[in-house]
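Q: got a predicted structure plus its sequence, pasted below:
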Amino acid sequence: MTELSANIGGGRHLAHTAHHEQPGSAWRFAIAGLCASLVGLGLARFAYTPLIPALIAAKWFSASDVVYLGAANLAGYLAGALLARPSAARIGAVAALRTMMVLATLSCFASSVPVSFPWFFTWRFLAGLSGGIIMVLAATVILPHTLPAKRGIVGGVIFAGVGLGVAASGTLVPILLQQGLKQAWIGLGVLSALLTLISWANWPKQAPAPRPATASSHPKRHRQSAAVRALLIQYGLNAAALVPHMVFVVDFVARGLGQGIAAGSHYWVLYGIGAIVGPLLTGHLGDRIGFGPALRAAFLVEAIAVMLPAISTQAASLIVSSVIIGGFTPGIVPLVLGRIHELVPHSAEQQRATWGHATTSFALFQAGAAYGFSFLFAHTGGDYLLLFQLGGGAAALALAIDLVMPLTVRRNELKP
């Protein structure tokens, strides 16, 4: 294992120090991870969704501009996924995580001033960048300090921060908006700053900085199996399936159904509640029945739940859809991480590299879907139902790949 991979993923140094941590340290680290995902994803990213109708109503931006600004955040997330490992190599993983939490906090304060479209676009992009880097690095910094028997629940705690941020944004945003749109952004910035301070001293000790890379220190490139390549595509399709709810659901209820911002925010809170419990439930399911079968079940349920608003706009359908898709937004993460460990069981280095590739695939498909759906939304006169249908189709395609994959592998094994 190289010094670089040791620094990024916890590696040999962290594996040894993990055994010397105090019993409560893993939970202290998990709280730091929760705060990071809460700030970088839950607030800096997802709090934007319930603000969309208010941004339009206040005439800060047009309806189409606001949707493109949301997509800018997803493009930043892709950039963050690509830059996470280089950032950790340059300044250390923990330093990168702290820096990204500060950047996410600044993005909230900067968004309180509608200077111009490029200004807002830049800060939404940087907010996404911080979330992408946090997503790649947080778990790989913390889990090496965790006993194997507790890694599922600790991982669930880390990614439950996403749901807590979504729920917090859904409950706080309407209250803050009573004071004004500018004050809402400032309030989110203050909360992000407090969480950054709470987490600051609770990260694991930083591994030694890596020495300059030499020819012999570069990790070997390993050929990915067909199953791993299929998983990366499935994870990307899952990302596309989540976009209609992640970007449009509040606006769909508020403006599309004419129920107002408050009603839209209520569904966003339900989405957040699902996102809090989702990682804990899916991780437990994976432990019980295996991560492969759990993923297949997830894709099936997700396909149905994404398409529900296109089938029925009754409150019961919207509630079920919001809770389930909220649950899978972070809940798919422990399933994919567990599946990677099943498919690449003997190399921690390969597991970390594969997780980086998976996060990049997720971000790439998500950004592409966000821009594509934004384009369709703008050029179909605001056809929300089409977006939910396309999202459901993406999840169904991920399931189809999973069902066909074993047949393909078996056929290749039978060839002489």
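A: That came through, no problem. Numbers count the residues shown, from 1 in each chain.
Q: next, residue 203: phi, psi?
A: When read as degrees, to the nearest 10, the backbone of residue 203 gives phi -80, psi 160.
Q: can you name the residues that contact it?
A: Residue 203 is in contact with 29, 32, 94, 97, 98, 141, counting by CB atoms under 8 Å, 6 or more residues apart in numbering. Any C-beta I mention is one placed from the backbone N, CA and C, and that applies to glycine too.
Q: dump these to JSON lines, plus secondary structure, pLDDT and neighbour count.
A: Written out in JSON lines, the entries for the contacts of residue 203 read as follows (DSSP: H, G, I helix; E, B strand; the rest coil; pLDDT from 0 to 100; neighbours: other CB atoms under 10 Å):
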{"residue": "29", "secondary structure": "helix", "pLDDT": "87", "neighbour count": "26"}
{"residue": "32", "secondary structure": "helix", "pLDDT": "90", "neighbour count": "26"}
{"residue": "94", "secondary structure": "helix", "pLDDT": "90", "neighbour count": "19"}
{"residue": "97", "secondary structure": "helix", "pLDDT": "93", "neighbour count": "29"}
{"residue": "98", "secondary structure": "helix", "pLDDT": "94", "neighbour count": "18"}
{"residue": "141", "secondary structure": "helix", "pLDDT": "83", "neighbour count": "29"}
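Q: what's the farthest-apart pair in these?
A: 29 and 98 (13.6 Å; CB to CB).
Q: how distant is stretch 112-122 from the center of its chain?
A: 24 Å (CA atoms, centre = their mean, to the nearest Å).
Q: whoops, stretch 172-188 was the one
A: Per CA atoms, centre = their mean, the centroid offset for stretch 172-188 relative to its chain is 24 Å.
Q: that one: end-to-end distance?
A: Using CA to CA, to the nearest Å, the gap from the first to the last residue of stretch 172-188 comes to 8 Å.
Q: again with stretch 80-99
A: 13 Å.
Q: just to revisit the earlier point, adding distance to residue 120, write the contacts of residue 203 out as CSV.
A: What follows is the contacts of residue 203, written out as CSV (distance: CB to CB, whole Å):
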residue, distance to residue 120
29, 34
32, 30
94, 30
97, 25
98, 25
141, 31
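Q: closest one to residue 197 out of these, please.
A: residue 98 (10.5 Å).
Q: show me the shaky parts of this protein.
A: 1-24, 148-152, 206-223, 348-349, 407-416 (pLDDT under 70).
Q: and for the closest residue to residue 377 other than its chain neighbours, the neighbour number?
A: Take residue 377 and drop its neighbours on the chain: the residue closest to it by CB to CB, 6 or more residues apart in numbering is residue 67, 6.0 Å away. Other residues near residue 67 number 24, with proximity taken as other CB atoms under 10 Å.
Q: for residue 380, which non-adjacent residue is closest in space?
A: Nearest one to residue 380, counting by CB to CB, 6+ apart, is residue 386 at 6.2 Å.
Q: just so I have it, where are all the strands in this protein?
A: For the chain, strands defined by DSSP state E do not occur.
Q: distance check, residue 91 against residue 376.
A: Distance, residue 91 to residue 376, using CB to CB, to the nearest Å: 40 Å.
Q: in terms of contact, does residue 88 touch residue 96 like I think?
A: Yes - counting by CB atoms under 8 Å, residue 88 does reach residue 96; the two are 5.2 Å apart.
Q: identify the contacts common to those two.
A: residue 137.
Q: pull out the buried positions in stretch 174-185.
A: Neighbour-count burial for stretch 174-185 flags 174, 176, 177, 181, 184, 185 (criterion: 16 or more other CB atoms under 10 Å).
Q: farthest pair within these?
A: 174 and 185 (14.0 Å).
Q: hang on, the earlier thing: would you turn the buried residues of stretch 174-185 into TSV with distance to residue 134?
A: TSV is the format used below for those (distance: CB to CB, whole Å):
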residue	distance to residue 134
174	26
176	23
177	26
181	26
184	23
185	20
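Q: could you list which of those residues belong to helices?
A: The helices in this structure, assigned by DSSP state H, contain 174, 176, 177, 181, 184, 185 from the buried residues of stretch 174-185.
Q: what's near enough to touch the fifth one?
A: Same thing as residue 184. With CB under 8 Å, 6+ apart, residue 184 has these contacts: 51, 54, 112, 173, 176, 177.
Q: against residue 255, how distant is it?
A: 18 Å.
Q: same deal with the fourth one?
A: Between residue 181 and residue 255 the distance, using CB to CB, works out to 16 Å.
Q: now do the third one
A: Relative to residue 255, residue 177 is positioned 15 Å away (criterion: CB to CB).
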